[in-house]
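Colleague: Just a sequence and a predicted model for now, questions to come.
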Amino acid sequence: MKDILLVLLIQLLYVPTFTLRTIFLVKGWKIKAAIFGFLETIVYVFGLSIVLTGDKESIVMIVYALGFAIGIIVGSLIEEKLAIGYTTFQVIIPTKNVTLIQALREQGYGVTVYEGEGIDSKRYQLSVLTTRKKEEDLYHFIQELEPRAFIVAYEPKAFRGGFILKSMKKRKQKN
């Protein structure tokens, strides 16, 4: 019974560590990824050694797999809470909603406005960068001021300079 609980605990440590290592690697944060990779390997080797050196009960192997599955859920929840990184919103609106644009700027967001052609008329595209922690708030804020907005959100890999970094730092200090 002790081995079963230990294997479950190890998997609940291993998989979230694996998840965070992968996220840091994708974001290009090599040192953090390496640290989590080191921790991941230690936990993995201990867990696997228990499974392979035990008396090979099927229940231990099933718990190992179950722990992995639960660990994926735990790792995902941790990642959602941390909300590491930034999101760029591409907001397409049918009219130049000056109220929305001004409100976003007053909130400290950098907003770049582009004019384009839709199938039947002019359209306006707003480009807005935010932290992932503020993503949901920004989405609702835009929907409140422009219910007809078409919003596409994506995660930029890298960016440098510009108004946005300064304003985000100021906004962060206020909160």
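Modeller: Great, that's in hand. Numbering: from 1, shown residues only.

Colleague: make it CA atoms for all contacts and neighbour counts henceforth
Modeller: Will do.

Colleague: quick one: the strands in the chain?
Modeller: With DSSP state E as the criterion, the chain has strands at 86-93, 111-117, 122-131, 150-154.

Colleague: So which other helices or strands are in contact with the third one?
Modeller: Judged by 3 or more C-alpha pairs under 8 Å, 6 or more residues apart in numbering; DSSP states H and E, strand 122-131 is in contact with strand 86-93, strand 111-117.

Colleague: now those as JSON lines including mean pLDDT?
Modeller: Formatted as JSON lines, the helices and strands packed on strand 122-131 follow (pLDDT from 0 to 100):
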{"stretch": "strand 86-93", "mean pLDDT": "92"}
{"stretch": "strand 111-117", "mean pLDDT": "93"}
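
Colleague: deepest of those strands, which one?
Modeller: strand 86-93 (a mean of 20; mean count of other C-alpha atoms under 10 Å).

Colleague: Can you tell me the centre-most residue of this structure?
Modeller: residue 83 (4.3 Å; C-alpha atoms, centre = their mean).

Colleague: what's that residue sitting at in phi/psi?
Modeller: phi 40, psi 60 (degrees, to the nearest 10).

Colleague: how's this structure carved up into domains?
Modeller: 2-82, 86-174 (automatic domain parsing).

Colleague: Highest mean neighbour count out of the ones you listed?
Modeller: domain 2-82 (a mean of 17).

Colleague: Helices along this protein, start to end?
Modeller: 2-26, 30-53, 58-82, 98-106, 135-145, 163-174 (DSSP state H).

Colleague: quick one: contacts of the third one?
Modeller: Right, the one you point to is helix 58-82. With contact meaning C-alpha atoms under 8 Å, 6 or more residues apart in numbering, helix 58-82 is reached by 3-4, 7-17, 19-20, 51, 133.

Colleague: One more: the second one?
Modeller: Counting by C-alpha under 8 Å, 6+ apart, the neighbours of helix 30-53 from elsewhere in the structure are 3, 6-7, 10-11, 13-15, 17-18, 20-25, 60-61, 64.

Colleague: That one vs helix 58-82, what angle?
Modeller: 160 degrees (axes from the mean of the first three to the mean of the last three C-alpha atoms, to 10 degrees).
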